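> My questions are about this predicted structure, shown below with the sequence.
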Amino acid sequence: MGGFETCIVIDRPLDEVAAYLSDLENDPGWRREWADAESASEGPVGVGTTTTLFGQVWGRRMKTVYEVAVYEPNRLTEWRTVSGPLP
């Protein structure tokens, strides 16, 4: 079977795009599975930053808390689930 590839060009500087995508509070704006988000941490995103994301599944509100486990500005952000139904 063949595969496919897609590409999106974002006409913004790398640091702006990376900062936006690294901040989970922005996820409801571009990921439809999340209805709302709130940060439990103050200041810029970094290791230890926690964010709670809320979604709707089968008519029930779902809450998942994530924590930034690895952060390399403009390069890499990794999260881990602190609590909630998603790994």
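Thanks, I have it.

> how far away is Gly2 from Pro44?
With distances taken as C-beta to C-beta, to the nearest Å, Gly2 is found 42 Å from Pro44. For every residue, glycine as well, the C-beta is placed using N, CA and C.

> Check Ile10 too.
Taking C-beta to C-beta, one finds Ile10 at 20 Å from Pro44.

> quick one on the thing from earlier: who's more crowded, Gly2 and Pro44?
Legend: neighbour count by other C-beta atoms under 10 Å for Gly2 and Pro44, higher for Pro44 (11 against 3).

> for that one, what are its contacts?
For Pro44, the contacting residues are Ala19, by C-beta atoms under 8 Å, 6 or more residues apart in numbering.

> and with 10 Å instead?
Contacts for Pro44 (C-beta atoms under 10 Å, 6 or more residues apart in numbering) come out as Ala19, Ser22, Asp23, Tyr71, Pro73.
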